[in-house]
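*Asks:* pasting the sequence and the predicted coordinates here, then a few questions.
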Amino acid sequence: MHLTRLASTAELIVDESSHWAIESYIPLQTNDLIESLLAREDAAGLDDQKLKQIFTAMADLMHYRNRPLHTGFAARYAEIDPDRDSRPIGKASTLTDANAIDAETANKHRLADARRIAELGHQVLIDAGYSKVERPELEAAVSQSSEWGVPLQVDFDVFDLLAVYARGDIIGSRKSRRWRNRFRMTAIDVAVYQRIVVVFKLREGSMTDDELEPAMLHLRMFKNVPKVDVDMLLPGTKIRISWFDRTRTFGPSLGGIGFQIYKLLRLAFVVAVVTYSIATILLGLLIAIIGYAIRSFITYMQTRNRYMLNLTRSLYYQKLDTNAGVAYRLLFEAESQRHREAVLAYYAIVSADGAISLRRLRRRAQRMLREAAGIEVDFRAADAVKTLESWGVMIRNQNGDLSVLDPDAAIKQIDRRWDEGPLTSTHQAG
């Protein structure tokens, strides 16, 4: 089994990793998918060049008709983008102008805008093949951590809005030293999300170490995150020192203090018998206790800093993008995913012997993906059919079976769709 070293995340990801869940995401580049389809035996009677032409026309039309989604999102998110460097002209911003409206109304406007963007983001993320990580799974992650993670406490009350999405639920492999293997480096299977997206807005007045702006909607994207370490990606967390580290930090000091007290008491008894004065002994005991307390505190801070270093290092290597960069990346991924679904659906039907049912289309497309990528994919046949129908290249007979226009007719039909202008999407913001 071949392994590819990922130096940026200090881990190994198996090229053909096992998957915990069957997902809808098609893990292929569009060009690779097209080439794999054209190389199939059932493509022998089809014209490769015309198929490439129609697949390219599909991509162009999809991008053109979804342009309002991009521009609408950009216009709305500009108001609540933490990284914006522009200012509103000619009108007061309900998000930033404290003199325009009272604070309570401004907070309501901010939260309403954040929720509208989050709803739009939800559909985009689903289109891009992500699934939502529900609250119980997030809470379960708080109570545990991997060998490479950091135990944390998470205050969910600091959020007005929090949503976490994941894609690529796989079995990865990381290296660790185990005492049972004589502390030699050993590969360990780890349940990993290949992609994680976190969408959140902090509650007004909440205090976090990150010093993030509560008025804004924050977006984060990470890669190759162990499932039990998802809580590391959330703001408002505090380091939870393990009992082992607490014992290692304070145990020696308490033992040392007790031993010193025992020795000093013995010495105090001898000195008291001779001099009838123990003031000097008590002062020495106090100095010893203070010294051990200082040493314990320094050891505790060193342990905490080590935890913080591990947390910072993990986030640094695993973070892919933030805020508007995440949004535009997801819009592109969603568009590419829908294009791949349309390409696969069209080819699966045009290369079949006659009209086929939706169920057969799904099974046929999944078999093609299994042969091309070596994994099971939950192909969204209904969504792909809906896209092809909107372009006028899909035909349903009286029995509900599906067929498509031949490549020449399909290309002409797609060309006609350009005259209709950009699509007014139900997912459009603004």
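*Replies:* Sure, I can see it. All figures in this text were calculated on a predicted structure; none of them were measured in a lab.

*Asks:* around A381, how many other residues sit close by?
*Replies:* Neighbourhood size, A381 [other CB atoms under 10 Å]: 23. (Glycine included, C-beta is placed from N, CA and C.)

*Asks:* measure the closest residue to it other than its chain neighbours to D401 for me?
*Replies:* Among residues not flanking A381 along the chain, R362 sits closest, at 3.9 Å (CB to CB, 6 or more residues apart in numbering). Computed as CB to CB, to the nearest Å, the R362 to D401 distance reads 13 Å.

*Asks:* re the thing from before, buried ones in the helix or strand containing the residue nearest to A381?
*Replies:* Using DSSP states H and E, the element containing R362 is helix 358-373. Neighbour-count burial for helix 358-373, counted by 16 or more other CB atoms under 10 Å, picks out L358, R360, L361, R362, R364, A365, Q366, M368, L369, A372, A373.

*Asks:* CA atoms only: put it into CSV for me.
*Replies:* The C-alpha coordinates for helix 358-373 follow below in CSV (Å, rounded to 0.1, in the frame of the first residue of the first chain):
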residue,chain,number,x,y,z
LEU,A,358,-33.4,7.1,-12.4
ARG,A,359,-32.5,4.1,-10.2
ARG,A,360,-30.5,2.5,-13.0
LEU,A,361,-28.8,5.9,-13.7
ARG,A,362,-27.7,6.1,-10.1
ARG,A,363,-26.3,2.5,-10.0
ARG,A,364,-24.6,3.0,-13.4
ALA,A,365,-22.9,6.3,-12.4
GLN,A,366,-21.8,4.8,-9.1
ARG,A,367,-20.2,1.8,-10.9
MET,A,368,-18.4,4.2,-13.2
LEU,A,369,-17.0,6.1,-10.3
ARG,A,370,-16.1,3.0,-8.4
GLU,A,371,-14.1,1.8,-11.5
ALA,A,372,-12.5,5.2,-12.0
ALA,A,373,-11.7,6.3,-8.4
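
*Asks:* quick one: average pLDDT of it?
*Replies:* Helix 358-373 carries an average pLDDT of 93.

*Asks:* for the following helix or strand past it, which positions count as buried?
*Replies:* Following helix 358-373 in sequence order, the next helix or strand is helix 381-391 (DSSP H and E). Using 16+ other CB under 10 Å as the test for burial, helix 381-391 gives A381, D383, A384, V385, T387, L388, W391.

*Asks:* could you list every residue that touches the third one?
*Replies:* Right, the one you point to is A384. Neighbour list for A384: R338, E341, A342, L344, A345, A365 [criterion: CB atoms under 8 Å, 6 or more residues apart in numbering].

*Asks:* got JSON lines for the residues you listed, with distance to E35 too?
*Replies:* Converted to JSON lines, the contacts of A384 look like this (distance: CB to CB, whole Å):
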{"residue": "R338", "distance to E35": "19"}
{"residue": "E341", "distance to E35": "17"}
{"residue": "A342", "distance to E35": "17"}
{"residue": "L344", "distance to E35": "13"}
{"residue": "A345", "distance to E35": "17"}
{"residue": "A365", "distance to E35": "17"}
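
*Asks:* now A43: how far from K50?
*Replies:* Distance from A43 to K50, by CB to CB: 11 Å.

*Asks:* please apply the same query to P235.
*Replies:* For P235 relative to K50 (CB to CB), the value is 52 Å.

*Asks:* these two - which one has more neighbours?
*Replies:* More neighbours surround P235 than the other of P235 and K50, with 20 against 14 (other CB under 10 Å).

*Asks:* next up, phi/psi of that one, please.
*Replies:* Per-residue torsions, P235: phi -80, psi 170 (degrees, to the nearest 10).

*Asks:* next: D169.
*Replies:* According to degrees, to the nearest 10, D169 has phi -80, psi 90.

*Asks:* the one 3 residues further on too?
*Replies:* Dihedral angles of G172 (phi, psi; degrees, to the nearest 10) stand at phi -100, psi -170.

*Asks:* can you check S351 too?
*Replies:* Here S351 shows phi and psi, under degrees, to the nearest 10, equal to phi -90, psi 0.

*Asks:* wait, it sits on D42?
*Replies:* Yes - checked against CB atoms under 8 Å, the pair S351 and D42 is within contact range at 4.5 Å.

*Asks:* neighbour count winner among these two?
*Replies:* S351 (18 against 15).

*Asks:* for the helix or strand containing Y165, buried residues please.
*Replies:* Per DSSP H and E, Y165 falls inside strand 159-177. Using 16+ other CB under 10 Å as the burial criterion, the residues of strand 159-177 that qualify are 159-170, 172-174.

*Asks:* summarise which helices and strands it is packed against.
*Replies:* strand 11-14, helix 103-127, strand 131-133, strand 185-202 (3 or more CB pairs under 8 Å, 6 or more residues apart in numbering; DSSP states H and E).

*Asks:* most tightly packed of those?
*Replies:* strand 185-202 (a mean of 20; mean count of other CB atoms under 10 Å).

*Asks:* just the CA atoms of the next helix or strand after that strand, as CSV, please.
*Replies:* Downstream of strand 185-202, the next assigned helix or strand under DSSP H and E is strand 218-226. Extracted as CSV, the C-alpha positions of strand 218-226 are listed here (Å, rounded to 0.1, in the frame of the first residue of the first chain):
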residue,chain,number,x,y,z
HIS,A,218,-16.2,34.2,10.4
LEU,A,219,-15.4,31.4,8.0
ARG,A,220,-12.6,28.9,8.5
MET,A,221,-11.5,25.9,6.4
PHE,A,222,-9.1,23.2,7.6
LYS,A,223,-7.7,19.9,6.2
ASN,A,224,-6.9,16.5,7.6
VAL,A,225,-8.4,16.9,11.0
PRO,A,226,-8.8,13.9,13.4
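
*Asks:* strand 218-226 - contacts with which helices or strands?
*Replies:* strand 185-202, helix 279-318, strand 319-322, helix 324-350.

*Asks:* so it versus helix 103-127, what angle?
*Replies:* 40 degrees (axes from the mean of the first three to the mean of the last three CA atoms, to 10 degrees).

*Asks:* avg pLDDT for strand 218-226?
*Replies:* 89.

*Asks:* please apply the same query to stretch 108-123.
*Replies:* Mean predicted lDDT for stretch 108-123 stands at 84.

*Asks:* by mean pLDDT, flag the weakest helix or strand of this structure.
*Replies:* Every helix and strand in the chain was compared by mean pLDDT, DSSP states H and E; the lowest is strand 3-6, with a mean of 37.
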